[in-house]
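In: Turn this into a structure:
(chains A and B)
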Amino acid sequence: DAGITQSPRHKVTETGTPVTLRCHQTENHRYMYWYRQDPGHGLRLIHYSYGVKDTDKGEVSDGYSVSRSKTEDFLLTLESATSSQTSVYFCAIISSTMNTEAFFGQGTRLTVV
Amino acid sequence: DAKTTQPTSMDCAEGRAANLPCNHSTISGNEYVYWYRQIHSQGPQYIIHGLKNNETNEMASLIITEDRKSSTLILPHATLRDTAVYYCIVRVVENQGGKLIFGQGTELSVKP
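Out: Numbering: from 1, shown residues only, chains lettered A, B, ... in the order given. Next up, the predicted model:
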């Protein structure tokens, strides 16, 4: 699992509340990614990071922000959660070598009611 | 970003080879083809990758056409545990890193 931990694993929250999901890695990998997965849509990239304080948008970044103040942590924040953000969120890492595979966390199931 | 297209679903008999096709006709010269699979609700798992030559590892073989516009993942002796969604991805390189953009994948059902 390349030392990836996502927290929390499950969360139920109310519409309009802020939510932060954490991805933690223990092996000093440079590249980190956040995806969401919904039925019929596969995995969609939200944001990614290529180093501390270096982040960029993915395919579905609206309504999400990220921060990476330390190499080991990549935080995904929903500033004001909506029901459309109910999903399973996956974190992934890739080491610095260009053609190295990605490793994924176990996922966080978020329900916005 | 180069896009990939895959069949939505496929069936395979247990013990037979599963051949999963992928089209990536807009691939650039320095982009690799990666294959992942996802079982149930787990995080995707890496299978294999390649640039232009055919590749083989303990899990699968990857055949890339000479023009690199398509590839085929081969599971030589499929088992019931190979039932999963298989994703073909082209790795985009930017800022010395890169995005991983997933398509819809192919849902492979291995049947007894």
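
In: so where's the longest strand in chain B?
Out: strand B:84-94 (DSSP state E).

In: Touching it from outside, list them.
Out: Around strand B:84-94, the neighbours that count as contacts under Cβ atoms under 8 Å, 6 or more residues apart in numbering or on different chains are A:42-43, A:56, A:98-99, B:1-4, B:6, B:20, B:22, B:24, B:27, B:30-39, B:44, B:47, B:49, B:71, B:73, B:98-103, B:105-108. For the C-beta atoms, the positions are set from N, CA and C on the backbone; glycine is no exception.

In: Select the longest strand from chain A.
Out: Of all the segments of type strand in chain A, defined by DSSP E, the longest one is strand A:42-51.

In: Return the list of helices and strands in contact with that one.
Out: In this structure, strand A:42-51 makes packing contacts with strand A:31-38, strand A:54-57, strand A:64-70, strand A:73-78, strand B:84-94, strand B:97-100, judged by 3 or more Cβ pairs under 8 Å, 6 or more residues apart in numbering or on different chains; DSSP states H and E.

In: buried set for stretch A:60-68?
Out: A:60, A:61, A:64, A:66, A:67, A:68 (16 or more other Cβ atoms under 10 Å in any protein chain shown).

In: Oops, could you answer that again for stretch A:36-56 instead?
Out: Of the residues in stretch A:36-56, those buried under the neighbour-count criterion (16+ other Cβ under 10 Å) are A:36, A:37, A:42, A:43, A:44, A:45, A:46, A:47, A:48, A:49, A:50, A:55.

In: My guess is the fifth one contacts residue A:37. True?
Out: Yes. Taking Cβ atoms under 8 Å as the definition, residue A:44 is a contact partner of residue A:37 at 7.4 Å.

In: Show the model's pLDDT score for residue 39.
Out: Looking at chain A here, since you left the chain open. Residue A:39 is assigned a predicted lDDT (pLDDT) of 84.

In: hmm, I had chain B in mind actually
Out: Reading off the per-residue confidence, residue B:39 sits at a pLDDT of 92.
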